[in-house]
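Asks: No sequence on hand, only this structure:
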């Protein structure tokens, strides 16, 4: 028999704050009522700062981040278009597969899982594209499967240096709302996220922001789209409505989540994630374990992928955590299966939750046969949290 709470330490879906859950507990309402826009119009505007944009148009599609991927491709590209994509983890791999299945001519740059998008190689290939055949560059900002962040500003510089006009697509599913994201400054054309991570909601909304350049491209793109058509969506969104039934309770929850982010202040949200993530990384190092990210500059502030010691199966760590300690950690994928597990640290998060994750990881690793000094990881993280960044970087909500 399980007692107590379930400890959710995966990189999504993340914990939903109680005030957000309560905000979603609403009766059904008329989505065609004249005052429905009182709820929705503000959401489109208040999502813009989270994306780091003033110029882009924000749209919400019922679905997941994958739905937003498909909407971005279908509206701005045509079958046969050549695109350049880096593949260095599960989600960049899935994006490549989607692009191929949608009829794009995909030029793939394969790099090791644990590396980021290879800016220098992207720059080389853009420079060699004399006739502008590459119509878009796709980059996963935060590769959730490996805990690696890529340099989007560097990719933008590569495009600009090559005087290349390709669209820049960025998957920010596990970064937007938790890590620095500067859509306008980086001249990102399509930015994509989902409701279930930094926005602290259940799954169900695929959210994207499209630049004016992307909207112009949508006028001539010939990929078939119906449900995901930008034109249909924008025409209805202008009055705060949707071309089909929206998940209204999620929209109420999103309103409360955005208010919460604004109350803390987005710079403080980003600083809090950075501070909490550093504590987790220090804890992992104190346990004598290695992370998947190949260099400290690549470390994600929302998820840490941890290599298990030689002879210790990561799948066993996950099983024991779940069965013995009522805890869920993120599973590994691809070449990391059995060799790693992940700790998610994003969304509605504080020091105690990170310390619990490290303590439960120590117990689970030891149960799986790893030699772990109990308290080593927790102690290292405690030292960091006790004396690190200013208190302003970790504001709490004492008066919800």
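Replies: Everything's here; your move. What you see is a predicted model, and the numbers here were worked out from it, not measured in a lab.
Asks: Give the closest residue to residue 102 in space, chain neighbours not counted.
Replies: Sequence neighbours aside, residue 73 is the residue nearest to residue 102 in space, at 5.5 Å (criterion: C-beta to C-beta, 6 or more residues apart in numbering). The C-beta positions use only the backbone N, C-alpha and C, and glycine is treated the same way.
Asks: low-confidence ranges in this protein?
Replies: For the chain, applying pLDDT under 70 flags the ranges 388-400.
Asks: Determine which residue lies closest to the centroid of it.
Replies: In the chain, the C-alpha nearest the mean C-alpha coordinate belongs to residue 174, at 1.2 Å (C-alpha atoms, centre = their mean).
Asks: thought that one was touching residue 12?
Replies: Yes: counting by C-beta atoms under 8 Å, residue 174 touches residue 12, with 6.4 Å between them.
Asks: residues shared between the contacts of the two?
Replies: 144, 197, 346 (C-beta atoms under 8 Å, 6 or more residues apart in numbering).
Asks: any idea which of the residues you listed is the one closest to residue 126?
Replies: Lowest distance from residue 126 to the shared contacts of residue 174 and residue 12 (C-beta to C-beta) belongs to residue 144, with 26.0 Å.
Asks: Neighbours of residue 32, how many?
Replies: Residues lying near residue 32 (other C-beta atoms under 10 Å) number 9.
Asks: Where does it sit: helix, strand or coil?
Replies: Of the three states, residue 32 takes coil according to DSSP: H, G, I helix; E, B strand; the rest coil.
Asks: Identify the residue nearest it in space, chain neighbours excluded?
Replies: The shortest distance from residue 32 to any non-neighbouring residue, by C-beta to C-beta, 6+ apart, is to residue 241 (6.8 Å).
Asks: in what helix or strand does that neighbour lie?
Replies: Using DSSP states H and E, residue 241 sits within no helix or strand.
Asks: ok, the residue nearest to the centre of the chain - contacts?
Replies: When contacts are counted by C-beta under 8 Å, 6+ apart, residue 174 touches 11-12, 142, 144, 197-198, 300, 302-303, 346.
Asks: what number of residues lie near residue 77?
Replies: Using other C-beta under 10 Å: residue 77 sits among 25 other residues.
Asks: tell me the contacts of it?
Replies: 83, 102, 104, 135-136, 167, 217, 221, 223.
Asks: and if we set it to 10 Å?
Replies: 83, 99, 102-104, 135-136, 167, 169, 190, 217-218, 221-223 (C-beta atoms under 10 Å, 6 or more residues apart in numbering).
Asks: what's the answer for residue 255, then?
Replies: Residue 255 neighbours (C-beta under 10 Å, 6+ apart): 20, 23-24, 39-40, 42-43, 46.
Asks: Among these, name the buried ones.
Replies: For the contacts of residue 255, a burial check counting by 16 or more other C-beta atoms under 10 Å picks out 20, 23-24, 39-40, 43, 46.
Asks: out of these, who's nearest residue 237?
Replies: Nearest to residue 237 among the buried ones among the contacts of residue 255 is residue 40, at 7.6 Å by C-beta to C-beta.
Asks: Now that closest one. Nearest residue, chain neighbours left out?
Replies: Excluding the flanking residues, the one nearest residue 40 by C-beta to C-beta, 6+ apart is residue 240, at 4.1 Å.
Asks: returning to what we had before: which ones among the contacts of residue 174 lie within helices?
Replies: Assigned to helices by DSSP state H, none of the contacts of residue 174 qualify.
Asks: tell me which residues of stretch 217-230 are tucked away?
Replies: By neighbour count with 16+ other C-beta under 10 Å, stretch 217-230 contains the buried residues 217-218, 221, 223, 225, 228-230.
Asks: Tell me how many other residues crowd residue 307.
Replies: The local packing of residue 307 (other C-beta under 10 Å) involves 18 other residues.
Asks: what's the distance between it and residue 363?
Replies: As judged by C-beta to C-beta, to the nearest Å, residue 307 and residue 363 stand 18 Å apart.
Asks: Please apply the same query to residue 21.
Replies: In terms of C-beta to C-beta, residue 21 sits 29 Å off from residue 363.
Asks: can you check residue 332 too?
Replies: 19 Å.
Asks: one step back: just confirm the residue nearest to residue 40 contacts residue 36, I think it does.
Replies: Yes: Residue 240 lies in contact with residue 36 (C-beta atoms under 10 Å); the separation is 5.7 Å.
Asks: what's around residue 55, how many residues?
Replies: Residue 55 has 13 nearby residues by other C-beta under 10 Å.
Asks: can you tell me which residues contact it?
Replies: 48, 183-184, 187, 209-213.
Asks: Please narrow the contacts of residue 77 to those residing in helices.
Replies: 99, 217-218.
Asks: Include distance to residue 62 when you put these into TSV, please.
Replies: Shown next, in TSV, are the ones in helices among the contacts of residue 77 (distance: C-beta to C-beta, whole Å):
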residue	distance to residue 62
99	22
217	24
218	20
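Asks: helix/strand/coil for residue 27?
Replies: coil.
Asks: ugh, wrong one, residue 343
Replies: Classified using three-state DSSP, residue 343 is strand.
Asks: does it really touch residue 329, like I thought?
Replies: Yes: taking C-beta under 10 Å as the definition, residue 343 is a contact partner of residue 329 at 6.0 Å.
Asks: between these two, what contacts are shared?
Replies: Contact with both residue 343 and residue 329 is made by residues 9-11, 306, 357, 360-361, according to C-beta under 10 Å, 6+ apart.
Asks: where along the stretch 201-350 of the chain do the helices fall?
Replies: 212-218, 230-237, 248-264, 266-286, 314-325 (DSSP state H, counting those that start in this stretch).
Asks: gap between the third one and the chain center?
Replies: The offset between the C-alpha centroid of helix 248-264 and the centroid of the whole chain comes to 17 Å, using C-alpha atoms, centre = their mean, to the nearest Å.
Asks: And that helix, what's buried?
Replies: Within helix 248-264, the residues scored as buried using 16+ other C-beta under 10 Å are 248-258, 260-261, 264.
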